[in-house]
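Novice: When you get a sec, could you give me coordinates for this:
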Amino acid sequence: MNGGVNGVALTVFIIFFLAVTVMGFLAARWRRSESDSLDEWGLGGRSFGTWITWFLLGGDLYTAYTFVAVPAAIYAAGASGFFAVPYTILVYPLIFTFLPRLWSVSHKHGYVTTSDFVRGRFGSKGLSLAVAITGILATMPYIALQLVGIQAVLDVMGVGGGENTNWFVKDLPLLIAFGVLAAYTYSSGLRAPALIAFVKDGLIYLVIAVAIIYIPIKLGGFDDIFAAAGKKFEQLNPATGKPVGALAPGDAGHWTYATLALGSALALFMYPHSITATLSSKSRNVIRRNTTILPLYSLMLGLLALLGFMAIAAGIKVQNGQLAIPQLFEDMFPDWFTGVAFAAIGIGALVPAAIMSIAAANLFTRNIYKDFIKPDATPAQETKVSKLVSLLVKVGALAFVLTMDKTVAINFQLLGGIWILQTMPALVGGLFTRWFHRWALLAGWAVGMVYGTLAAYGVASPTQAHFGGSSDEIPGIGEIGYIGLTAFVMNVIVTVVLTFVLKAVKAPAGVDETSPEDYTADAGDKGVQQDLPVVGVGAGH
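Specialist: Numbering: from 1, shown residues only. From the prediction side, this is the model:
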């Protein structure tokens, strides 16, 4: 790592950072109505069209985690880090089947969060509360991951000092970035990340296009890059006596790779921030179109992942794997373009962090504050509470970063994935059938949460005794697989079995406030729009 501060890169970074900060505050006046409702602050007035939604969802899903942690995983262990590429391909056919239905019923009933829908569908505030708490818990480490991404580029630029610097100086740049993010999110709500996403995605595509051509040319081509990576991964790990990685997963890693990809695909659109961006669109057809064009981001992700191999070929040596790609940019690019690349990573952290904090705040406001604390809260009071909670969520995420080992940043997000996946039976199941019993869903959720958390707690790594990874032995099979998917299967089994039992004893099922036509309604339609056929039990039964 270079000594001192890279002044040129830092200057370019600051210019872009200031520009998006100004945009963040100006966004408060963009497409704004006079309403004080949570729809306006937390969902952008539900007014975004295809392109704004595309950039917003892209900025939401392809984050600093994309730029930093995915290539870092490949840099450290090889092809096993590519799990992020197939899971982003798997996810879009899945969401095409249920997101339009969620948009329609949410638009019809004014639902702001997934917990709103669960409460209305199953008539259960307890189940709604469980989904809300899970969403908040899963979102905080995801926000933390974005802050780690900002800190990584600041460290490489020489801002904030090294690990031996006192904590205040070392973390001051991160605290400043946090303060700016908190301020414009409070002021502008979802409109701020929606506007900034245009800049963020434009920068990311520019940097990837340049990197995928320029860096291989400097390193002698992809043949040399893969040869250098293969040579590194053949080296033995002194702690385990096994190779440190592989260019392709070995037979022993197939279960881990496949279950992690599938589990991550199932979990991605359970996150509150994904749903918040979805519900901000103005029609169900906007959602359907976006599920067909969002895979363009997966092409970018596949190219981006190759940067991990390039870092190996370039001889990048870092103690913290999260610094590998920022250091690659620092070493390979001219200083001015290094600043552009770092700005792409930094802004790639601000956009999703803003959406995530808004989504978590909406969950608290609608499903904890309004449901249990102040049922008669006015729309203006809801908005005020959500603004304040969005600040508290960011503080919690910042504490997450400052108190946990940053070298395992990817595990922050994977732990959240284990939790959020347990809400899928209630959310997606509820969009297609009323057969599941609310108490069975709650029991299944509890089993999945407890098993997933305890199993993840028991996973050790060379750097930490607990939460050292997201894979463990699958009970009854003996293979190593993704803990979140194992917990999800347990969740579903408990839910199905208990549903049979509770229906047999005629336990009260709760009131469903939705009707079948709600799931196919569009904005402004008086009739019912045709939808994909639903196999099995009808949506309203």
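Novice: For my notes, confirm Leu441 occurs in a helix.
Specialist: Yes - the secondary structure assignment for Leu441 places it in a helix, going by DSSP: H, G, I helix; E, B strand; the rest coil.
Novice: And Leu441, how far from Ile217?
Specialist: Noted for Leu441: a distance of 55 Å to Ile217, by CB to CB, to the nearest Å. C-beta here means a position set from N, CA and C on the backbone, and glycine is covered the same way.
Novice: For these two, indicate the residue with more neighbours.
Specialist: With other CB atoms under 10 Å as the criterion, Leu441 and Ile217 differ in neighbour count, and Leu441 comes out ahead with 28 against 8.
Novice: Distance of the more buried one relative to Val20?
Specialist: For Leu441, the distance to Val20 (CB to CB) stands at 41 Å.
Novice: same thing with Gly7?
Specialist: Distance check for Gly7 against Val20: by CB to CB, it reads 21 Å.
Novice: try Ala380
Specialist: Plainly put, Ala380 is 28 Å away from Val20 if you go by CB to CB.
Novice: ditto for Gln151
Specialist: Plainly put, Gln151 is 18 Å away from Val20 if you go by CB to CB.
Novice: need the helix or strand of this structure with the lowest average pLDDT.
Specialist: Within the chain, confidence by mean pLDDT, DSSP states H and E is lowest for helix 64 among all helices and strands, at a mean of 70.
Novice: could you give the mean pLDDT of the helix or strand hosting Val199?
Specialist: Following DSSP states H and E, one finds Val199 within helix 191-219. The average pLDDT for helix 191-219 rounds to 91.
Novice: What of stretch 370-382?
Specialist: Per-residue pLDDT values across stretch 370-382 average out to 93.
Novice: so what pLDDT did the nearest residue to Phe96 once chain neighbours are set aside get?
Specialist: Spatial nearest neighbour of Phe96, excluding adjacent residues (CB to CB, 6 or more residues apart in numbering): Thr291 at 4.2 Å. According to the prediction, Thr291 has pLDDT 88.
Novice: can I assume Thr291 sits in a helix?
Specialist: Yes - assessed with three-state DSSP, Thr291 lies in a helix.
Novice: Where does pLDDT dip in the stretch 201-350 of the chain?
Specialist: Screening the stretch 201-350 of the chain residue by residue with the criterion pLDDT under 70, one finds the ranges 239-240.
Novice: Now do the strands in this protein.
Specialist: Taking DSSP state E as the criterion, the chain carries its strands at 471-473, 480-482.
Novice: As TSV, these with distance to Thr453, mean pLDDT and mean neighbour count would be great.
Specialist: As requested, the strands of the chain are arranged in TSV below (distance: least, CB to CB, whole Å; pLDDT from 0 to 100; neighbours: other CB atoms under 10 Å):
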stretch	distance to Thr453	mean pLDDT	mean neighbour count
strand 471-473	12	89	19
strand 480-482	14	91	24
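Novice: how close does Thr185 sit to Gly417?
Specialist: Looking at Thr185 against Gly417, where the rule is CB to CB, the gap reads 24 Å.
Novice: out of Gly7 and Val20, which sits in the busier spot?
Specialist: In this comparison of Gly7 against Val20, neighbours counted by other CB under 10 Å, the higher total goes to Val20 at 24 against 12.
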